[in-house]
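pasting the sequence and the predicted model now:
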Amino acid sequence: MTQPAVTHPNMTIVDHPLVQHKLSLMRDARTPGPEFRRLLREISLLLTYEATRDLPLADRTIATPLTEMQAPMMDGPDPVVVSILRAGNGLLDGVLDVIPTARVGFVGLYRDEATLRPVQYYCKLPPEMSGRLVVAVDPMLATGNSSAAAVDLLKAAGATELCLICLLAAPEGVACMAQAHPDVRIVTASLDSHLNEKGYIVPGLGDAGDRIFGTV
């Protein structure tokens, strides 16, 4: 699929063949819920690989079966992963598979279907957000309003190094994030064409939360 022009200074589109193949299977309306969830978890592993490529390392002495060596290992405070409820939970387990020591937070937002604006109903975050990578996860960056509102909360809690992992992004959502939070990195599997009149990403894959949790 031809990607629209990128309009965010810190966005990475992960075009690895495995990511794109799995994403195509998820787009297919015939893919059942259990398969959809499995594919989403697998893609989240691959997106996390990209999102965490700049984590700091420090050499430490270890003993291999043959000798001692200076081996690079993660250094600094553990990252924080924040799920933007409810659909963010579909990505959360995959991210934790890669960085199991991460602290976990939750931000509850739902979209008012009349205004397309986010409404907050829950927020629980780990203490000491500053000085550590904070990764927010939400499958769909559609209007961008919910993601921008979630990042507002994370910054208010002290987060300074932020990355948003999403499965799909729309140009409208990317533009919203570029205006509100140009410093926040975006890692996504695809920049799709546009939003329809109901605020859904086209061609998209439907409502991610409904397909994850079987509430279609």
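Perfect, I can see it now.

buried sites along the lowest-mean-pLDDT helix or strand in the chain?
Lowest on mean pLDDT, DSSP states H and E among the helices and strands of the chain sits helix 208-213, with a mean of 87. By neighbour count on 16 or more other CB atoms under 10 Å, the buried set for helix 208-213 is A208, G209, R211, I212. Using the backbone N, CA and C atoms, a C-beta is placed for each residue, glycine as well.

can you tell me which of these lies closest to D183?
A208 (25.6 Å; CB to CB).

what's the nearest residue to that closest one once chain neighbours are set aside sitting at in phi/psi?
Nearest residue to A208, sequence neighbours excluded (CB to CB, 6 or more residues apart in numbering): P139, at 3.9 Å. As for P139, its main-chain torsions (degrees, to the nearest 10) stand at phi -60, psi -30.

quick check: P139 touching I43?
No - here P139 lies out of contact with I43, judged by CB atoms under 8 Å, at a distance of 9.4 Å.

who touches both of these two?
Residues touching both P139 and I43 (CB atoms under 8 Å, 6 or more residues apart in numbering): L167.

tell me the SS of Y122?
Under DSSP: H, G, I helix; E, B strand; the rest coil, the three-state class of Y122 is strand.

check contacts around it.
So Y122 contacts L85, F106, V107, G108 (CB under 8 Å, 6+ apart).

surely the last one forms part of a strand?
Yes - secondary structure of G108, determined by three-state DSSP: located in a strand.

the closest residue to it other than its chain neighbours and M26: what is the separation?
Once flanking residues are discounted, G108 sits nearest to Y122: 3.0 Å by CB to CB, 6+ apart. Computed as CB to CB, to the nearest Å, the Y122 to M26 distance reads 27 Å.

thank you, goodbye.
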